[in-house]
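Colleague: Fold the following and give me the result.
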Amino acid sequence: MTPIALQNRLEAHLKIRQLKLLVAISENNNILKAARELNMAQPAATKSVHELEAVLGVSLFTRSSRGVTPTLYGDAIIRRAKTILSQLRHITEEIVSLEGGTAGKITVGTLLAAAPNLLPRAIAALKRERPNISIS
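Modeller: Next up, the predicted model:
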């Protein structure tokens with residue numbers, strides 16, 4: 001399969017829930033424990049992993065009596081899944097900050113008369129109250 005074809009298949013079939021599941025499985029070395037952690041039934045978790053393996057065309061875990069261990073492919077996708085999930089948390093935090101007015105960007109235009117005294121004091125007060133706001 002070509003890289004573009006694989007990317008298209010992933011974009012069409014990959015779900016965030018599957019990424020969470022892969023990370024949980026790798027942390028628990030057990031599909032049942034991972035499924036419980038995510039409030040899923042074990043058969044649904046197994047099916048989700050099998051669906052993703054079918055899309056990718058590779059096995060993500062080696063199954064044994066002691067549980068499951070990520071394959072080389074599993075390690076690669078789990079590493080990226082952690083990054084993607086982390087970025088989703090950052091998006092959430094940023095949106096909440098922007099929505100609450102605690103982050104964002106302000107561009108100030110001023111008359112020269114106000115610039116030397118009033119503007120620096122106003123910027124300092126705003127930065128004390130809202131340090132994540134950038135001002136230009």
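Colleague: what residues are up against the residue lying closest to Ser134 once chain neighbours are set aside?
Modeller: Using Cβ to Cβ, 6 or more residues apart in numbering and skipping the chain neighbours, the partner closest in space to Ser134 is Lys105 (4.9 Å). The C-beta positions use only the backbone N, C-alpha and C, and glycine is treated the same way. Contacts for Lys105 (Cβ atoms under 8 Å, 6 or more residues apart in numbering) come out as 133-136.
Colleague: swap the cut-off to 10 Å and go again
Modeller: By Cβ atoms under 10 Å, 6 or more residues apart in numbering, the contact list for Lys105 reads 98, 133-136.
Colleague: Can you list the buried residues in whichever strand or helix holds it?
Modeller: Using DSSP states H and E, the element containing Lys105 is strand 103-106. Using 16 or more other Cβ atoms under 10 Å as the test for burial, strand 103-106 gives Ala103.
Colleague: Could you spell out the sheet neighbours of that strand, each with its direction?
Modeller: Strand 103-106 has these partner strands in its sheet, going by DSSP bridges: strand 132-135 (parallel).
Colleague: Residues contacting the strand it pairs with, please?
Modeller: Everything outside strand 132-135 that qualifies as a contact, by Cβ under 10 Å, 6+ apart, is 94, 97-98, 101-108, 119, 122-123, 126-127.
Colleague: Buried subset of those, written for PyMOL?
Modeller: In PyMOL, this line selects whichever of the contacts of strand 132-135 come out buried by 16+ other Cβ under 10 Å:
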select buried, resi 103
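Colleague: Find the residue at the geometric middle of this structure.
Modeller: Nearest to the mean C-alpha position of the chain, by Cα atoms, centre = their mean, lies Leu85 at 2.2 Å.
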